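>>> Using only what follows, build the 3D model:
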Amino acid sequence: MFGPVEVLRVLETLREAGCAVWIGGGWGIDALVGRVTRKHGDLDLLHRAEQEPTVIAALRAVAYSEREGVVPGRPARFVMAGPEGRELDLHPLLFQPDGSAVQHLDDHGGVFTYPADAFTTGVIDGVVVPCLSVAQQVHFHRGYQPRERDLHDMARLREAYGVDTHF
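Got it, this is the predicted structure:
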């Protein structure tokens, strides 16, 4: 499991290497809420695609290695496994001059566009961290059958921000 100490260690490792990253997924929601609300099996990070070699090298230096056979895999994402079975789910983004970003989803031209205001900050263990915005998190939680953790996460955003969610 990923705890806040390991999340902050990974973020600091990447910051020291000069890499810009943003937290998504469950940890991103906990960052927005400002407290840990549930257990997390992985850490979703979005990074600048041009920094990917540096991201990988920095994470290898702290005992993470790329896991093969992840579906979906590149170009949309890749996974690095680390100590005690921890997993980092890494998403490369190509930033545009207006601050928006594009994530390639497949080799056939599929893309997802993040608006410039999708990138914000939250707090983990009293430390300000870069993460995805409330609106972006809500957007990602639409159009599928929610799991228990999805229901939990959206409830936390409703409580903290008074936003409407799909479920």
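>>> thought Ile29 was touching Asp153?
Yes: with contacts counted by C-beta atoms under 8 Å, Ile29 reaches Asp153, the gap being 4.6 Å. (Each C-beta comes from the backbone N, C-alpha and C, glycine too.)
>>> Helices of this protein, start to end?
Counting by DSSP state H, the chain has helices at residues 4-16, 25-33, 52-60, 134-140, 148-161.
>>> any chance of these in a markdown table, plus distance to Gly109 and mean pLDDT?
Below are these laid out as a markdown table (distance: least, C-beta to C-beta, whole Å; pLDDT from 0 to 100):
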| stretch | distance to Gly109 | mean pLDDT |
| --- | --- | --- |
| helix 4-16 | 29 | 98 |
| helix 25-33 | 25 | 98 |
| helix 52-60 | 20 | 98 |
| helix 134-140 | 21 | 97 |
| helix 148-161 | 28 | 98 |
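>>> what would those look like in JSON lines with mean neighbour count and distance to Gly122?
As requested, the helices of the chain are exported to JSON lines (neighbours: other C-beta atoms under 10 Å; distance: least, C-beta to C-beta, whole Å):
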{"stretch": "helix 4-16", "mean neighbour count": "16", "distance to Gly122": "11"}
{"stretch": "helix 25-33", "mean neighbour count": "24", "distance to Gly122": "3"}
{"stretch": "helix 52-60", "mean neighbour count": "16", "distance to Gly122": "20"}
{"stretch": "helix 134-140", "mean neighbour count": "19", "distance to Gly122": "9"}
{"stretch": "helix 148-161", "mean neighbour count": "16", "distance to Gly122": "10"}
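>>> Make CSV out of these and add distance to Leu94.
CSV is the format used below for the helices of the chain (distance: least, C-beta to C-beta, whole Å):
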stretch, distance to Leu94
helix 4-16, 18
helix 25-33, 20
helix 52-60, 11
helix 134-140, 17
helix 148-161, 27
